[in-house]
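> Based on what follows, work out the 3D shape:
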Amino acid sequence: MSTEVDGAEYLRRLKQDECSPQSKPSTPTCGKRVDVAERRATPRYKCQGSVKVRVQGSDVSAWGSIADISLHGCYVEMANTHAVGTAVNLSLEVGGNRVEVNGEVRATYPFLGMGIIFKQMTPQDRLRLGDMVLIAARDLRLIVPHAENTAFNWQMPKISDPLRLIEALENFFVRRHSMSRDEFTRLASGLSSGG
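Now for the predicted structure:
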């Protein structure tokens, strides 16, 4: 716990130093309070995952943890950080999904981590990234306690068009490796209600 507090204090001081009188006048954030979240194209969600980081053109990789993720970037916790503007290759893994992406370091906090924007990925990896973000967003919801016999209370949705369901399941498993009962229920119910 004390390391988290020390790290947060370090970041606060680092941000204050950026706008101190000794800062270069060309620093665009000096004199203004800039909310990084307002500059992001999509929201980031806290998550737990691993990432392999390799500077483009290098054979050396380092491992870190993903602290948050969005459709356009992530924050990687690791001690060995790289300079802002460094082009990196990432192999992200969250919730059983793996994504390969080229990115660029946008913020760096020595010995703590880096903010990285995603630059380039395949269409398949873009779909998997969407799944990662959905998993992270879903994990933020409050968990409502269920009765002990919930498993016995589940009702199979009525399937009006089994072929559409099979096609929807095929599409789902192209991007994902597993499906929860709730995900199946939503998928099947959506098809039977015309969605």
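> List the contacts of the nearest residue to P110 once chain neighbours are set aside.
Once flanking residues are discounted, P110 sits nearest to T81: 5.5 Å by CB to CB, 6 or more residues apart in numbering. Quick note: C-beta positions are derived from backbone N, CA and C, even for glycine. Contacts for T81 (CB atoms under 8 Å, 6 or more residues apart in numbering) come out as 105, 108-114.
> Buried ones only from those, please, as a PyMOL command.
Buried members of the contacts of T81, defined by 16 or more other CB atoms under 10 Å, are picked up in PyMOL with:
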select buried, resi 105+108+109+112+113+114
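> The residue nearest to P110 belongs to a strand?
No - assignment of T81 by DSSP: H, G, I helix; E, B strand; the rest coil gives coil, placing it outside any strand.
> phi, psi of it?
Backbone torsions for T81, taken as degrees, to the nearest 10, come to phi -100, psi 170.
> and what of P43?
phi -70, psi 150.
> Numbering from 36 from now on, please.
Sounds good: first residue 36 from here, last item P78.
> My read is that it contacts S105, right?
Yes - taking contacts as CB atoms under 8 Å, P78 lies within contact range of S105: 6.1 Å.
> Of these two, which one has the most company?
Neighbours per residue, other CB atoms under 10 Å: of P78 and S105, the larger number sits with S105, 20 against 13.
> ok, the closest residue to the more buried one other than its chain neighbours - contacts?
Take S105 and drop its neighbours on the chain: the residue closest to it by CB to CB, 6+ apart is R79, 4.2 Å away. Contacts here follow CB under 8 Å, 6+ apart; on that basis R79 touches 72, 103-105, 108-110.
> Same check on H117?
88, 90, 123, 140, 143, 149.
> contacting residues for the fourth one?
Residues in contact with V140, defined by CB under 8 Å, 6+ apart, are 116-121, 123, 149-151.
> distance of it from K193?
51 Å (CB to CB, to the nearest Å).
> now swap in S215 and tell me
20 Å.
> Next secondary structure element downstream of the strand of greatest length in the chain?
If you go by DSSP state E, the chain has its longest strand at strand 132-144. Counting by DSSP states H and E, the next helix or strand C-terminal to strand 132-144 is strand 148-155.
> Going by neighbour count, list what's buried in that following strand.
Quick answer for strand 148-155 (16+ other CB under 10 Å): 148-153.
> cool, stretch 130-140 as well?
130, 132, 134, 136, 138-140.
> now swap in stretch 77-97 and tell me
79-80, 82, 84, 86, 88, 90, 97.
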